[in-house]
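Asker: model the following, please.
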Amino acid sequence: MEKYALYVPRLVKKEENFTPGHRACIGCGEALAVRQSFKALDNNVIVVNATGCAEIFGGQFPNVAWQLPWIHTLFENTAAVASGIEAAYKAMRRKGVSLPQNTKVVAIGGDGGTSDIGLQALSGALERGHDFTYICFDNEGYMNTGTQRSSSTPFGAMTTTSPIGKKSIGQFSWKKNMPEIAAAHNIPYVATATHGYPFDLMAKVAKAVATPGPAYVHVLAVCPNGWGSPNDMINRHSRLAVQTGVFPLYEVENGVYKMTIEVSQLRPISEYFAGQRRFRHLSEDNVAKIQKRVEFEYQKLLEKTKHGRK
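Answerer: Sure, this is the predicted structure:
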C-alpha cells in the first residue's frame with residue numbers, strides 16, 4: 001500500500017517544451033521523463049544538456065525536439081556551463097542590460113554525466129550556490145554507448161563492462177547514492193522522482209526550479225534496451241522500483257527529509273527483477289542479499305524522515 005504526499009498539481013499545459021519527432025528508442029523512459037519534466041515549466045528556461053541519450057535523441061538537426069533555448073555540452077562540464085550562464089545573467093543585469101525577467105537555467109544529464117564524469121563540476125556548482133536546477137535522468141548505465149556500467153548501475157546487474165561469469169556476479173559495487181551526495185552540499189532542495197509517478201515528478205521539478213539557489217532532482221528513467229525489459233512495461237518497472245524500495249521517492253528541503261510516497265509494505269525485490277534480463281542470472285542467495293540491503297537502506301531513510309533532518 002502506497003501513502004501519497006503529493007502536491008496538488010496545477011493544470012498540465014497542453015504545449016510541449018520537448019516535442020515528438022525525436023530519435024529515442026521505442027519505450028524510452030528517459031524521453032518520457034524529459035517530456036514530463038519540461039511540461040512542468042514555462043518557456044523562460046535555458047537548457048544545458050550533457051552528452052548522452054537525451055542529447056542524441058533530442059538534439060540532432062533536423063529532428064530537434066526542444067522548443068526552448070538549448071545548449072549541448074560535454075559529459076564533464078554541464079554544471080559548469082549552467083553556472084556560467086547563471087553568472088553571466090547576473091553580471092549583465094548589474095550592468096543594466098535588458099533581459100527577460102526570471103529566466104531559469106536547467107542543466108540535465110544522465111547518470112554517467114552526473115555521478116561519474118560530471119561529478120566534480122556539479123559539486124563545485126552546488127557548493128558555490130548558483131541559482132540553477134540540475135536534473136539527472138538515471139537509466140543506470142552508459143546506455144547511449146552500448147550499456148556499460150556506471151557508478152549508478154545496481155549491484156548484480158549485467159552490463160557489457162560488468163559481465164557475468166564463474167567468478168563475476170555482474171556489477172560488483174552498490175549503486176552510488178547521488179541524491180544523498182547532493183544533499184550533503186546543504187543546498188535548498190533535493191528530490192527523487194520517476195516517470196511512473198508523473199504528477200510527483202512534475203511537481204518536484206516545478207518546485208526545484210522555483211527554489212532560489214541550487215536544486216537537484218534525481219529521476220529514475222527505465223531503459224528497455226539496456227535493462228532487457230519489455231518496451232511497453234516502462235511505467236510498471238518504474239513504479240515497481242518505488243514499491244519495492246529500490247528507488248524511494250522523497251525530498252530534502254533545507255535539510256528536512258520528507259517521503260512523498262511512502263510504501264507501508266515493500267513488495268519483494270524479485271517482482272522488480274522479473275522481466276529484466278540484466279538480473280536473470282542472480283541466484284536466490286544473491287536476491288536475498290540485495291533484498292536485505294534494500295530494506296536496510298529504506299528503513300534508514302524512513303528514520304531520517306521521522307527525525308526531520310539528516
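
Asker: just the terminal-to-terminal distance for stretch 189-199.
Answerer: The separation between the terminal residues of stretch 189-199, taken as C-alpha to C-alpha, to the nearest Å, is 18 Å.

Asker: pLDDT on it, on average?
Answerer: The average of the pLDDT scores along stretch 189-199 is 97.

Asker: just stretch 40-50 next, same as before
Answerer: Averaged over stretch 40-50, pLDDT sits at 96.

Asker: repeat for stretch 129-138
Answerer: Confidence for stretch 129-138, expressed as mean pLDDT, is 98.

Asker: what number of residues lie near Lys166?
Answerer: 4 (other C-beta atoms under 10 Å). C-beta here means a position set from N, CA and C on the backbone, and glycine is covered the same way.

Asker: quick check: it vs His281, distance?
Answerer: As judged by C-beta to C-beta, to the nearest Å, Lys166 and His281 stand 12 Å apart.

Asker: ok, now Leu74?
Answerer: Taking C-beta to C-beta, one finds Leu74 at 35 Å from His281.

Asker: now Gly165
Answerer: 10 Å.

Asker: who's more crowded, those two?
Answerer: Taking neighbours as other C-beta under 10 Å, Gly165 and His281 compare with His281 leading, 16 against 8.

Asker: find the nearest non-adjacent residue to the more buried one, please.
Answerer: In space, and not counting its chain neighbours, His281 is closest to Ile164: 4.8 Å by C-beta to C-beta, 6 or more residues apart in numbering.

Asker: ditto for Leu282
Answerer: Residue nearest to Leu282 in three dimensions, not counting chain neighbours: Gly156, with 5.4 Å by C-beta to C-beta, 6+ apart.

Asker: that neighbour: which element?
Answerer: Here Gly156 is covered by no helix or strand, with elements defined by DSSP states H and E.

Asker: residues contacting it?
Answerer: 169-171, 279, 282, 286, 290 (C-beta atoms under 8 Å, 6 or more residues apart in numbering).

Asker: and if you look at Asn235?
Answerer: Residues near Asn235 by C-beta under 8 Å, 6+ apart: 29, 195-196, 222.

Asker: hmm, 10 Å instead?
Answerer: 27, 29, 32, 194-198, 222 (C-beta atoms under 10 Å, 6 or more residues apart in numbering).

Asker: same check, this time on Ala191
Answerer: Applying C-beta under 10 Å, 6+ apart, the residues contacting Ala191 are 135, 179, 182-183, 200-201, 203-205, 207-208, 215-219, 249-253, 258, 260.

Asker: if we go to 7 Å?
Answerer: 204, 208, 217, 251 (C-beta atoms under 7 Å, 6 or more residues apart in numbering).

Asker: kindly report the same for Gly84.
Answerer: Gly84 neighbours (C-beta under 7 Å, 6+ apart): none.

Asker: you'd agree Ala107 is up against Thr78?
Answerer: Yes. With contact defined as C-beta atoms under 7 Å, Ala107 counts as touching Thr78 (4.9 Å).

Asker: and for the two, which residues touch both?
Answerer: Contact criterion C-beta under 7 Å, 6+ apart; residues shared by Ala107 and Thr78: Val48.

Asker: more crowded one of these two?
Answerer: When Ala107 and Thr78 are compared for neighbours, Ala107 comes out ahead with 33 against 29, by other C-beta under 10 Å.

Asker: thanks a lot, see you next time.
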